[in-house]
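Chemist: below are the sequence and a predicted model for it; my questions follow.
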Amino acid sequence: MHVAPSPLIQRLPHGRTARKAKAQLLRAQVRAVLPHDPRAFTQGLEFRNATLYESTGLVGHSSVRAGSPGGPSRVHAELPAPLFGEGITVVGDRLWQLTWRNGIAIERDPRTLQERGRVTYQGEGWGLCHQRVAGQDRLIMSNGTDRLTFRDANTFAVTGRISVRQDGRPVTHLNELECAPDGFVYANVYPTDTIKRIDPRTGIVTAHIDASALLTPSERREAKQLNGIAAVPGTDLFLITGKNWPRAFRVVFVPSS
């Protein structure tokens with residue numbers, strides 16, 4: 001079992017440690033705006049090269065789709081009721097898709113989105129991403145608590161867990177996840193317009209990101225929560241959107257003024 005180190009010690013990216021290090025305060029600075037399907041109850045977002053994968057939720061309306069960001073889906077697959085779609089990730093020749101309270105992870109072909117098989121898990125499924133550590137792929141999964149679960153990328157078996165802390169306090173309602181090239185995990189916090197940047201080695205939050213004020217007041221009335229974050233390959237940008245948002249945003253995270 002993975003044992004988290006003391007929350008008083010934070011390992012920094014360059015290998016030093018800092019005692020009681022405060023999380024950076026960042027904000028999402030918009031670089032580009034793209035159209036987004038306002039009918040999509042977004043639950044997961046991830047790039048594989050130039051292809052953007054998106055999963056959606058709600059019983060009877062859950063799906064997974066793939067295509068160019070801001071454009072129509074190239075391939076699309078529905079989830080039959082009573083499944084409620086949640087986070088997704090692509091690793092190797094597999095796409096994994098979570099379900100909320102059904103306890104089922106669906107393995108798909110990332111090219112066709114056809115279902116290949118299913119595995120079961122305990123508890124709820126919220127967010128999912130994959131990370132390469134010491135030459136090995138692993139999955140990181142959230143369940144709406146302060147806990148992240150590490151899983152085998154091939155079998156979905158649990159390999160460890162870690163609790164997420166900011167200033168020594170648990171950070172709950174961790175939702176959609178992105179394992180970014182910088183080694184950090186970025187997590188939407190339900191039901192807020194904030195994103196946490198997490199060191200997966202320690203569980204410590206290294207940055208609190210404000211992603212509010214992206215939608216206009218009229219758009220906000222029809223939209224629901226922020227939920228969708230994907231690192232744009234080859235850049236320092238992220239694509240973010242939300243449930244029933246009419247737009248998606250390419251953003252960079254900069255210090256708050």
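Modeler: Sure thing, it's come through.
Chemist: count the neighbours of the closest residue to T192 other than its chain neighbours for me.
Modeler: Distances taken as Cβ to Cβ, 6 or more residues apart in numbering place L226 nearest to T192, at 7.2 Å, with adjacent residues excluded. C-beta here means a position set from N, CA and C on the backbone, and glycine is covered the same way. Residues lying near L226 (other Cβ atoms under 10 Å) number 27.
Chemist: I'd say L226 and A248 touch.
Modeler: No: using Cβ atoms under 8 Å, L226 is not in contact with A248, being 11.1 Å away.
Chemist: which neighbours do the two have in common?
Modeler: Jointly contacting L226 and A248 under the rule Cβ atoms under 8 Å, 6 or more residues apart in numbering are 240-241.
Chemist: in the chain, what helix or strand scores lowest on average pLDDT?
Modeler: Here the helix or strand of the chain ranked lowest by mean pLDDT, DSSP states H and E is strand 9-11, holding a mean of 36.
Chemist: bridged to V133, which residues?
Modeler: The partner list for V133 in beta bridges (DSSP bridges) reads Q136.
Chemist: and stretch 34-43, how far from the chain's centre?
Modeler: Relative to its chain's centre, stretch 34-43 lies at 15 Å (Cα atoms, centre = their mean, to the nearest Å).
Chemist: same check, this time on stretch 29-44
Modeler: Put simply, stretch 29-44 sits 14 Å off its chain's centre (Cα atoms, centre = their mean).
Chemist: stretch 157-177 now?
Modeler: Worked out by Cα atoms, centre = their mean, stretch 157-177 lies 13 Å from the chain centre.
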